[in-house]
Each structure stands twice: as C-alpha cells, then as structure tokens.
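>>> coords below, sequence missing:
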Ligand SMILES: Nc1ncnc2c1ncn2[C@@H]1O[C@H](COP(=O)(O)OP(=O)(O)OP(=O)(O)O)[C@@H](O)[C@H]1O
Ligand code: SF4
Ligand SMILES: [Mg+2]
C-alpha cells in the first residue's frame with residue numbers, strides 16, 4: 001500500500017499504522033433444506049475500511065447484530081474473511097500461511113465479553129495465563145514466573161494463581177482474561193465488549209486498568225462495545241457501525257459533540273446524561289421501523305428505511321464514507337454540519353420525528 005492510499009483510509013493519521021483494513025467483507029452462508037443448500041448470505045461485515053495507529057484506541061459502536069464481533073474476529077482470522085485486505089504492521093494477514101498466522105497471533109490478541117466461557121474451568125489460573133507462553137515455546141517454570149507478574153499487573157495477587165476460575169468474581173475473571181491475552185506481549189488487542197457483563201462500579205476499574213496497561217505495554221486497542229458512554233471514556237477515535245458498515249468515524253470528542261451522520265445523532269440522543277436537570281430535558285429521537293435484516297440489506301444508503309431526512313436518491317445511491325471535515329468521515333449524502341441538529345434538519349424539511357422526553361413523554365416535533 002502506498003503512502004497516498006494509506007492516507008485515504010478512514011482514521012489514518014499519516015504515521016504508519018499498526019492495522020490497515022481495506023474493504024473487509026464477511027458473509028455467512030444461510031443454508032436450508034435437507035441438502036443444506038445455500039439460499040442466501042448474512043452480510044455481517046460488508047466493506048469496512050479503517051486504519052488504527054500505534055498505541056491508539058479505536059472504539060467500535062453500533063446496535064446488536066451490526067457486525068462488531070464479526071469484524072473483530074475476521075481481523076484476527078478467527079473467522080475467515082470473504083474478501084478484503086488486512087495489513088498488520090504492513091504485513092498481509094489474510095494471505096498469511098497457517099504457520100505464519102500462529103506467529104502473528106502472538107502480536108494480535110482478543111479479549112472476550114464473557115471471561116467465564118473463555119477460561120478453562122479445570123485449569124488453575126496460573127496455567128490459564130501461562131498456557132499461551134508455553135504454546136509459543138517458553139519453558140514451564142519461566143512461564144509461571146511471568147504469569148505471577150501478570151497477575152500482579154492486572155491487580156490480582158500472585159497467590160491467586162493456584163485458584164480456579166469459579167473462585168473469582170466477574171471483574172476478577174475479566175482481569176484474568178486480560179492477563180492471558182497480554183502473556184505473549186501483543187501489540188494489538190481486540191477487546192470485544194470486555195466490560196459489558198460487569199457491574200458499573202467494576203466496569204470503571206477494568207477500564208482504568210486497560211488504560212494503565214496500554215501505557216505500560218504500548219498497546220493498540222480495538223474496543224468493541226454497544227455502550228456509548230463506555231466507548232467515549234476509553235477511545236481516541238470512534239467508528240459507528242450500521243448493518244455491517246462503518247457509517248461514521250471521527251475523533252472521540254468531535255464525534256460525540258458534532259456528529260455528521262443522522263444515525264449517530266439518533267444513537268447519541270439515547271445516551272443518558274449525569275446532570276438530572278439536563279437528563280429531564282434530553283430529547284431522545286425515536287427511529288421509525290425495525291433494524292433491517294443483514295441477509296437482505298436495503299439498497300442505496302442502508303439507513304434510508306429509518307432515516308428521518310432521507311431523499312429519493314438515498315434509495316438508489318450508495319453514499320461513500322467520505323471525509324466531511326478534516327479527520328471526520330461519514331457516509332451520508334446530506335451529512336449534518338457541526339452546529340446542526342437532526343431535529344432542526346427534519347423540521348426544515350417540513351417533516352416530523354418522534355421524540356421521547358422524560359417530562360413530556362413521546363411527542364412529535
Ligand atoms: N457464525 C455465524 N453464522 C451465521 N451468522 C452469523 C454468525 N455469527 C454472526 N452471525 C450474524 O452476523 C450478524 C453480525 O453478528 P455479530 O455477532 O458480528 O454482531 P454484533 O454487532 O457483535 O452483535 P452484538 O452486539 O449482539 O454482540 C448478525 O446478523 C448475526 O446473526
Ligand atoms: S444518505 Fe440519505 S438515507 Fe442515508 S443517512 Fe444520509 S440522508 Fe439518511
Ligand atoms: Mg458482539
């Protein structure tokens with residue numbers, strides 16, 4: 001990839017990135033009948049491009065089923081991509097041989113939402129953490145010493161190493177999952193909803209831990225979550241996904257304060273705010289219609305079936321993910337300006353949108 005091509009990837013900063021993803025696609029076959037014939041495909045990830053810089057955290061948000069987990073797993077080839085390019089430090093991941101892929105996996109790790117399901121219940125914790133090291137050739141004694149150091153790094157006592165996963169709380173188990181992923185000194189960690197299963201108070205502790213570890217070990221994070229407040233807390237940049245595609249990508253504060261895509265506007269309007277006064281007056285935009293099926297995505301702009309400002313050409317013309325402001329990418333033919341609100345744009349078009357508000361209930365604006 002040339003420097004010019006790299007600079008056109010959403011999220012590129014100019015410096016050589018750790019990860020460069022171009023037009024990544026993952027379709028799952030839909031099979032039916034006794035012969036299990038393929039009758040269609042789920043477009044789980046459908047043409048995703050972005051770059052992730054060294055020691056950067058890119059948050060990925062979107063509704064359930066929009067393809068976040070599939071994106072994370074496809075990047076690491078835990079599921080095989082249908083097409084597209086993934087470069088890790090400039091090296092082709094999609095075309096890598098299985099032996100090279102085993103080596104690359106040391107540098108590219110994944111942390112899962114449910115640590116209990118991903119930790120072997122019959123193994124003491126020190127073995128769970130040291131197992132990846134032993135797989136990659138470290139001798140047992142040395143691996144155990146490193147496991148104890150990692151337990152310490154994630155805020156657990158090295159004495160915890162002899163216990164089994166069921167003897168820990170959810171937050172502690174997630175710390176064990178994180179320690180295991182760090183055992184092989186990765187450069188990139190894909191975190192798939194790492195705090196979603198935890199209580200809010202424990203969430204903050206684990207998020208702070210992830211930030212400390214990122215600094216200590218110089219890690220790059222792809223942080224997947226559906227909770228926009230969590231993503232805002234930890235991310236440098238944020239990408240919003242809708243039906244298998246990135247519809248907006250920008251610097252964290254720019255995205256939260258001046259979103260350009262109507263879908264991001266509606267998502268952000270649903271985020272509760274801490275100030276009770278502001279929370280009472282907050283207007284939550286209610287989108288019409290259900291999320292369409294990724295097996296049969298809408299033509300043109302995929303959001304057109306629910307977009308309150310859609311025009312005729314949105315039904316036929318695919319909006320490219322374009323740089324609407326410096327470093328701010330959005331795929332919308334009618335992207336909103338930094339001071340515009342979606343409600344005002346809807347009104348300017350002489351249309352109506354349903355709004356939920358805790359004082360007035362559901363109203364039409
Ligand atoms: N192994 C699979 N086989 C077939 N379809 C799948 C498979 N895994 C995921 N899908 C489908 O692909 C789409 C994207 O799923 P994915 O799990 O990536 O979404 P997600 O954004 O992570 O959702 P959630 O927020 O609920 O975790 C969904 O429609 C899902 O049903
Ligand atoms: S391209 Fe059209 S339908 Fe899609 S988000 Fe923009 S205005 Fe809405
Ligand atoms: Mg998921």
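Perfect, I can see it now. Fair warning: this is a prediction, and the values are worked out from it, not measured in the lab. Ligands and ions are numbered 1, 2, ... in the order given.

>>> Please see if stretch 261-270 touches ligand 1.
No. Stretch 261-270 does not reach ligand 1 (Cβ under 6 Å from any ligand atom); its nearest approach is 13.1 Å. Bear in mind the C-beta positions are built from the backbone N, C-alpha and C, glycine included.

>>> hmm, who's touching that stretch?
With contact meaning Cβ atoms under 8 Å, 6 or more residues apart in numbering, stretch 261-270 is reached by 61, 228, 240, 242, 247-248, 255-256, 259, 282-285, 287, 303, 306-309, 330-332, 335-336, 341-342, 345.

>>> Spatially nearest residue to the residue of the stretch 51-200 of the chain found nearest ligand 2 (excluding sequence neighbours)?
Residue of the stretch 51-200 of the chain nearest ligand 2, by Cβ to the nearest ligand atom: residue 62 (14.2 Å). In space, and not counting its chain neighbours, residue 62 is closest to residue 241: 3.5 Å by Cβ to Cβ, 6 or more residues apart in numbering.

>>> Strand partners (parallel or antiparallel) of the helix or strand hosting that neighbour?
Counting by DSSP states H and E, the element that carries residue 241 is strand 237-242. Strand pairing for strand 237-242, determined by DSSP bridges: strand 57-61 (parallel), strand 245-251 (antiparallel).

>>> ok, back up a step: if I follow the layout properly, the residue of the stretch 51-200 of the chain closest to ligand 2 ends up in contact with residue 71?
No. Between residue 62 and residue 71 there is no contact under Cβ atoms under 8 Å: 9.6 Å.

>>> Find residues that contact each of those two.
Contacts common to residue 62 and residue 71, judged by Cβ under 8 Å, 6+ apart, are residue 241.

>>> which one of these two has more residues nearby?
Taking neighbours as other Cβ atoms under 10 Å, residue 62 and residue 71 compare with residue 71 leading, 27 against 23.

>>> How about the secondary structure of that one?
Assigned state for residue 71: helix (three-state reduction, DSSP: H, G, I helix; E, B strand; the rest coil).

>>> got a list of what residue 38 touches?
Contacts for residue 38 were tallied using Cβ under 8 Å, 6+ apart; they are 29-31.

>>> hang on, it is in a strand, isn't it?
Yes. Counting by three-state DSSP, residue 38 is part of a strand.

>>> what's the distance between it and ligand 2?
In this view, residue 38 and ligand 2 are 30 Å apart by Cβ to the nearest ligand atom, to the nearest Å.

>>> Next one: that residue relative to residue 73, how far apart?
Shown here: residue 38 relative to residue 73, a distance of 21 Å by Cβ to Cβ, to the nearest Å.

>>> repeat for residue 217
Residue 217 sits at a distance of 22 Å from residue 73 (criterion: Cβ to Cβ).

>>> When those two are compared, which one has more neighbours?
Shown here are residue 217 and residue 73; by other Cβ under 10 Å, residue 73 has more neighbours (20 against 14).

>>> That one touches residue 79, doesn't it?
Yes. The criterion here is Cβ under 8 Å, and residue 73 meets it with residue 79 at 4.7 Å.

>>> Identify the neighbouring strands of the helix or strand where residue 21 lies in the sheet and state each direction.
Counting by DSSP H and E, the element that carries residue 21 is strand 19-32. Paired strands of strand 19-32, with direction, are strand 37-52 (antiparallel), strand 83-88 (antiparallel) (DSSP bridges).

>>> May I see those strands organised as a markdown table, with distance to ligand 1 added?
Formatted as a markdown table, these follow (distance: least, Cβ to the nearest ligand atom, whole Å):
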| stretch | distance to ligand 1 |
| --- | --- |
| strand 37-52 | 3 |
| strand 83-88 | 15 |
